[in-house]
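Q: 3D model of this:
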Amino acid sequence: MSDLKPNEQMSPTGLIPTTPALGSRYANKKQSKPSNVVIRPGQFSFAGETEPRYLPQRWSFHVQPEGQPYFASDDSPRFVTDAYIYSSNNQERIVRFAARVQKVLEAKQIILPQSAEVYLWPSREEEDECWYYIADHVSHTLSWLEEVDLDQLSTQDVVSESHLRSALEDLYWQHIEQFPCHRLDRLDLRVDDLIAIFIHGEGDHMTSQNSTFPYVAKECKQFIRILEAAKQKLDQPPSVCVVARLWSMIARHRLQTHYAQERARLSCDQLILDLPEVSRSRVFSALSPLLFGIPQRYSERLHRLFSDEIVYVRPWRDFAQSARSEWQQYLTWSLVLSIFNVLMFSVSLASAIIACLSLACCFVALVAGLVLLLQYNDAPQWCADQAFAFFCTAQQTSPGFRRVAFAFSVPRAAFIWAAGIASLQPLVWLQRAAGTKALGAVAGLVLLVLLASLPWARWLRSARRRWHARRKESGEESV
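A: Residues are numbered from 1 along each chain as shown. I've put the predicted structure just below:
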């Protein structure tokens, strides 16, 4: 458990509400020190094993499938902890806090159901503080012995009581994932229901481009295969761990999409939350046209990908792959145009100034493209959590993703500038070869063509619409 308290107000009992999501099992900085040992004759074989370490009465030792040891008590009420109570100090504190929970229950006249168990984690900072929560295997929710709000638990806001239940179900399944070994006969894993959900998710992704399901069709197929196999091995903790993790993901997905609520999210780009609008930047609005509006389009795409501050894997991966392809394309084109500009220095009729300016823009496109390709090399393979971290960082750095949008736009915009500047070379050749009058004549002809093209195109479109309308009317009359 993190040393940061989820509840800022000190509880008079020393028991502080927490959740499995606030744990630090994957960020434990405590280090081991392996050393050389002597192996006794027949150790672990004919000589037997060493004397086991003892635990308090009715406590047992278990190992989570990932390798994390934990301990559970089958007393009444039941307790579970991942504090290492083979340590005498931890053992004394866990026994003390378990007795304190019992006293609080008696004082509040609360009788926990047999389906409930209490999680305990002694604080590393304060000797008389302990984090706790209560998991119920019938209701599939967490609860506490006092009133708590969602901010204390670092959990997102909800819109109704049923929506709150989704949040608590997510936390419950995280608890089962972390402690799957010690009460296999008391768990209702509903694997058939979970398989049906993934079947729907697979079909939804195959028939819709805007599915909100957190896994793509290929991943759903693989999970269905895993769940079918796990269904045959529910007496094994690894199977329970996998099923619980997937149920946690589904509960979190339903929490984010407001499943079964009045305003549910049915499309991944649908906005259903009343979030504050990002203020417009005059600098961004002024500079974006100089880059041919590309930053504005990138900003809009990033906003759609982060609708209501939620990231979906499939749209993100499609966007990341598209962006990488664009950077690679303009990097290649910029390299070719750079070679062309270098050759222009050896042509007597060419302009060295135009070649230098175009070459500078090509250099910017090349450098920007290389940097972006290196920085986002694996972006098309990111999971939702990685993409979410990217969006959060980008939004904090620059509201509206303006800085990222500008960076993503540089390779394409710089190449367009380079190509536009390089296209002036033929005019310079013409001016130097035939004189200023010939250049003026060509420029005037081009201008006339441009002016004539707009009304001519409009007339053609108008004539085509009239012809289609007459043809439709004649067809109706013949019928």
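Q: the closest residue in space to Arg190 that isn't next to it in sequence and Val342, how far apart?
A: Using Cβ to Cβ, 6 or more residues apart in numbering and skipping residues adjacent in sequence, the residue nearest Arg190 is Trp247, 7.8 Å away. Backbone N, C-alpha and C define where each C-beta goes, glycine included. According to Cβ to Cβ, to the nearest Å, Trp247 stands 61 Å off from Val342.
Q: the more surrounded of the two?
A: Comparing Trp247 with Val342 by other Cβ atoms under 10 Å, the one with more neighbours is Trp247, at 24 against 12.
Q: next, the more buried one: secondary structure please.
A: When classified by DSSP: H, G, I helix; E, B strand; the rest coil, Trp247 comes out as helix.
Q: confidence score at it?
A: Here, the pLDDT recorded for Trp247 equals 97.
Q: need the contact list for it.
A: When contacts are counted by Cβ atoms under 8 Å, 6 or more residues apart in numbering, Trp247 touches 169, 173, 176, 189-190, 194.
Q: swap the cut-off to 10 Å and go again
A: 140, 169-170, 172-174, 176-177, 189-191, 193-194, 197 (Cβ atoms under 10 Å, 6 or more residues apart in numbering).
Q: just the helices from the stretch 151-300 of the chain, written as ranges.
A: Assigned by DSSP state H, counting those that start in this stretch, the helices in the stretch 151-300 of the chain fall at 161-178, 191-207, 217-231, 237-257, 282-287, 294-305.
Q: take those helices and write them to TSV, including distance to Tyr133.
A: Shown next, in TSV, are these (distance: least, Cβ to Cβ, whole Å):
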stretch	distance to Tyr133
helix 161-178	8
helix 191-207	23
helix 217-231	26
helix 237-257	15
helix 282-287	45
helix 294-305	34
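Q: right, and those helices - which one's nearest Asp82?
A: Nearest of those to Asp82, taken as Cβ to Cβ: helix 161-178 at 7.3 Å.
Q: quick one: buried residues of the closest one?
A: Under the neighbour-count criterion of 16 or more other Cβ atoms under 10 Å, helix 161-178 has 163-178 buried.
Q: orientation of it relative to helix 237-257 in degrees?
A: Per axes from the mean of the first three to the mean of the last three Cα atoms, to 10 degrees, the angle that helix 161-178 makes with helix 237-257 is 150 degrees.
Q: helices and strands around helix 161-178, which ones?
A: Under the contact criterion of 3 or more Cβ pairs under 10 Å, 6 or more residues apart in numbering; DSSP states H and E, helix 161-178 touches strand 116-122, strand 130-136, strand 141-143, helix 237-257.
Q: pull the CA atoms of that helix into PDB?
A: Extracted in PDB, the C-alpha atoms of helix 161-178 (Å, rounded to 0.1, in the frame of the first residue of the first chain):
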ATOM      1  CA  GLU A 161     -26.400   4.400  -7.000                       C
ATOM      2  CA  SER A 162     -26.300   1.600  -9.700                       C
ATOM      3  CA  HIS A 163     -23.300   3.400 -11.300                       C
ATOM      4  CA  LEU A 164     -21.600   3.400  -7.900                       C
ATOM      5  CA  ARG A 165     -22.100  -0.300  -7.700                       C
ATOM      6  CA  SER A 166     -20.100  -0.700 -10.900                       C
ATOM      7  CA  ALA A 167     -17.200   1.200  -9.300                       C
ATOM      8  CA  LEU A 168     -17.300  -1.000  -6.200                       C
ATOM      9  CA  GLU A 169     -17.500  -4.200  -8.400                       C
ATOM     10  CA  ASP A 170     -14.400  -3.100 -10.200                       C
ATOM     11  CA  LEU A 171     -12.600  -2.800  -6.800                       C
ATOM     12  CA  TYR A 172     -14.000  -6.100  -5.600                       C
ATOM     13  CA  TRP A 173     -12.600  -8.000  -8.600                       C
ATOM     14  CA  GLN A 174      -9.300  -6.400  -8.100                       C
ATOM     15  CA  HIS A 175      -9.300  -7.800  -4.600                       C
ATOM     16  CA  ILE A 176     -10.000 -11.300  -5.900                       C
ATOM     17  CA  GLU A 177      -7.200 -11.000  -8.500                       C
ATOM     18  CA  GLN A 178      -4.800 -10.100  -5.700                       C
END
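Q: run the chain-centre distance for it.
A: Relative to its chain's centre, helix 161-178 lies at 19 Å (Cα atoms, centre = their mean, to the nearest Å).
Q: returning to what we had before: mind giving me a markdown table with the helices and strands packed on helix 161-178 and columns for distance to Val283?
A: Formatted as a markdown table, those follow (distance: least, Cβ to Cβ, whole Å):
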| stretch | distance to Val283 |
| --- | --- |
| strand 116-122 | 49 |
| strand 130-136 | 47 |
| strand 141-143 | 47 |
| helix 237-257 | 33 |
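Q: so which of those is nearest Pro380?
A: Between these, helix 237-257 lies closest to Pro380; by Cβ to Cβ that is 21.1 Å.
Q: list the buried residues in the closest one.
A: Using 16+ other Cβ under 10 Å as the test for burial, helix 237-257 gives 237, 239-244, 246-257.
Q: hang on, the earlier thing: from Glu169, how far off is the residue nearest to Arg190?
A: From Trp247 over to Glu169 (counting by Cβ to Cβ), the distance is 8 Å.
Q: in a strand, Ser35, correct?
A: No: counting by three-state DSSP, Ser35 is not part of a strand but coil.
Q: neighbours of it, just the number please.
A: If you count neighbours by other Cβ under 10 Å, Ser35 ends up with 5.
Q: next one, pLDDT for the residue lying closest to Ser248 once chain neighbours are set aside please.
A: Nearest residue to Ser248, sequence neighbours excluded (Cβ to Cβ, 6+ apart): Trp173, at 3.7 Å. At Trp173, the model reports a pLDDT of 97.
Q: what of Leu370?
A: On pLDDT, Leu370 comes in at 96.
Q: and it, what does it touch?
A: Listed by Cβ under 10 Å, 6+ apart, the contact partners of Leu370 are 327, 331, 411.
Q: and the next helix or strand past whatever helix or strand the second one lives in?
A: Here Leu331 sits within helix 313-344, counting by DSSP states H and E. The element immediately downstream of helix 313-344 (helix or strand, assigned by DSSP H and E) is helix 352-375.
Q: orientation of that following helix relative to helix 313-344 in degrees?
A: Per the same axes, to 10 degrees, the angle that helix 352-375 makes with helix 313-344 is 150 degrees.
Q: and the helix or strand that helix 352-375 is followed by, how far out from the chain middle?
A: Later in the chain than helix 352-375, the nearest helix or strand by DSSP H and E is helix 384-397. Centroid separation for helix 384-397 versus its chain: 8 Å, with Cα atoms, centre = their mean.
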